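A.B. asks: got a predicted structure here, sequence first:
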Amino acid sequence: MIAGTVEPAPAPVCGPPDREGSRGGQGVAAVVHRGAGEPGGVRGTQGGAPVRQFDVGRVRALYPALADGFAYLDGAAGTQVPQTVIDAIAGAYRGGIGNVGGAFPASERSDAIVAGGRRAVADLVGGVPEGVVLGPNMTTLTYRLANALAAG
């Protein structure tokens, strides 16, 4: 955990525009304090807005893979996910899934999962589901985009 001062976050690069059509604005920041105050309690103000304590322990507890006490910073070598994601994936496999676009129930379940994922990402970034591209991983998606651009 890190304790420090609050600095304004950089302007967001995505998300819905404000009333003037700008995507800029005052950013959001957090302070992490070890053992001070109540979890989630107010720890002062910045620009008149309350700054809340970020409970790192509570968040780490959501991720079973972090129970060993290590911080996994090798995102490309593996991803730690919260228990809710593990449960959702296990539920999808228990229900049976298949290739997207097929004409059978397992494919329809897969189509619904992909459509729901696109809607969630679009909602998160203020976009539209049709503009969300999902793929195997960022490296593969980057290579595919580069190859498509190179082909003209």
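C.D. replies: Ah, there it is.

A.B. asks: pLDDT on stretch 70-86, on average?
C.D. replies: For stretch 70-86, mean pLDDT is 80.

A.B. asks: give me the contacts around that stretch.
C.D. replies: Identification of contacts with stretch 70-86 by C-beta atoms under 8 Å, 6 or more residues apart in numbering yields Leu62, Tyr63, Pro64, Ala65, Leu66, Thr139. The way it works is simple: take the backbone N, C-alpha and C, and place the C-beta from them, glycine included.

A.B. asks: apply 6 Å and report the result again.
C.D. replies: Residues from elsewhere that reach stretch 70-86 (C-beta atoms under 6 Å, 6 or more residues apart in numbering): Leu62, Tyr63, Pro64, Ala65.

A.B. asks: helices and strands of the chain: which one has the lowest mean pLDDT?
C.D. replies: The weakest-scoring helix or strand in the chain, judged by mean pLDDT, DSSP states H and E, is strand 42-46 (a mean of 66).

A.B. asks: just confirm Gly127 is within a helix.
C.D. replies: No - counting by DSSP: H, G, I helix; E, B strand; the rest coil, Gly127 is not found in a helix; it is coil.

A.B. asks: list the backbone torsions phi and psi for it.
C.D. replies: For Gly127, the backbone dihedrals (degrees, to the nearest 10) come out as phi -110, psi -160.

A.B. asks: how far away is it from Ala67?
C.D. replies: With distances taken as C-beta to C-beta, to the nearest Å, Gly127 is found 35 Å from Ala67.

A.B. asks: which one of these two has more residues nearby?
C.D. replies: Taking other C-beta atoms under 10 Å, Gly127 and Ala67 do not tie; Gly127 has more neighbours (15 against 9).

A.B. asks: now the strands for the chain?
C.D. replies: Secondary structure of the chain (DSSP state E): strands located at 42-46, 49-52.

A.B. asks: convert the last one to CSV, retaining C-alpha atoms only.
C.D. replies: So the one you mean is strand 49-52. Only the C-alpha atoms of strand 49-52 are listed here, as CSV (Å, rounded to 0.1, in the frame of the first residue of the first chain):
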residue,chain,number,x,y,z
ALA,A,49,-14.5,17.3,-2.4
PRO,A,50,-14.0,14.5,0.2
VAL,A,51,-11.1,12.2,-0.4
ARG,A,52,-11.9,8.7,0.7
